[in-house]
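Asks: Show me how the following folds:
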Amino acid sequence: MRVCSFAVATASLMVGAAVAGPALAQETYNIDPAHSQPMYEVSHMGFSLQRGNFSGATGKITLDRAARKGTIDVKIDTTTVRTSDPTLDLRVRGEDFFNIAKYPAMTFKSSQLSFDGDRLIGADGELTMLGITKPVKLAVANFVCGSHPYTKNPMCGAEVTTTIKRSEWGMKYLAPRTVGDDVKITIPVEAYRE
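Replies: The predicted structure follows:
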């Protein structure tokens, strides 16, 4: 899961872009978990891609737009992991995979955001999962900021992706022949300015 489209959770990268209006020295955004639900996909015996998701990411993003700097601090509740099969849900929550009894959360933290002009395009940070912390690069696409159409509150949205090797976090069970080692993570993200 090296690409932590966990991602982390990750979703939080999108808030790095400018919201319409005058720039503030620093802006803080809160991730909306209802609209920021991480998804993953992994190969099953080389025949198909199997998918699962988590019920929302939470966290904060701070941004100094003039300096093109910011921070991301995202948390994903691993106890919410689910697939389309209740039996498989028990398996992925167990010790061989997410081990939710011992590790009920995974986190992504970054203070290195990347921009193309004023557009946020990525972040380098650290993913902590199963008690192991490793570097991860996130890619940000479809980044847009503006006002919520109903509440008029400033917000940003994006799609964040990454690909990681789950074995690098100690999740080696059935890898790579039965369940692939490469895991793609995708997070649709929405975040609101405080």
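Asks: Now do the helices in the chain.
Replies: Along the chain, the stretches classed as helices by DSSP state H are 86-93.
Asks: Could you list the low-confidence segments of it?
Replies: 1-24 (pLDDT under 70).
Asks: Okay, buried residues for stretch 151-169 please.
Replies: 154-169 (16 or more other C-beta atoms under 10 Å). All C-beta spots, glycine's among them, are computed from the backbone N, C-alpha and C.
Asks: Check the contact between residue 146 and residue 155; I expect there is one.
Replies: Yes: between residue 146 and residue 155 there is a contact under C-beta atoms under 8 Å: 7.1 Å.
Asks: quick check, nearest of the buried residues of stretch 151-169 to residue 62?
Replies: residue 156 (12.7 Å; C-beta to C-beta).
Asks: Can you show me the strands along the chain?
Replies: 27-31, 39-44, 48-53, 57-64, 69-77, 105-116, 119-129, 132-147, 154-165, 179-193 (DSSP state E).
Asks: Please tabulate the ones you listed in CSV, including the columns distance to residue 85.
Replies: Below are those laid out as CSV (distance: least, C-beta to C-beta, whole Å):
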stretch, distance to residue 85
strand 27-31, 28
strand 39-44, 12
strand 48-53, 9
strand 57-64, 23
strand 69-77, 20
strand 105-116, 22
strand 119-129, 22
strand 132-147, 27
strand 154-165, 23
strand 179-193, 14
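Asks: between the ones you listed, which one is nearest to residue 83?
Replies: Across the strands of the chain, closest to residue 83 is strand 48-53 (C-beta to C-beta), at 4.3 Å.
Asks: which residues touch the closest one?
Replies: The contact list for strand 48-53 (C-beta atoms under 8 Å, 6 or more residues apart in numbering) reads 37-44, 81-83, 92.
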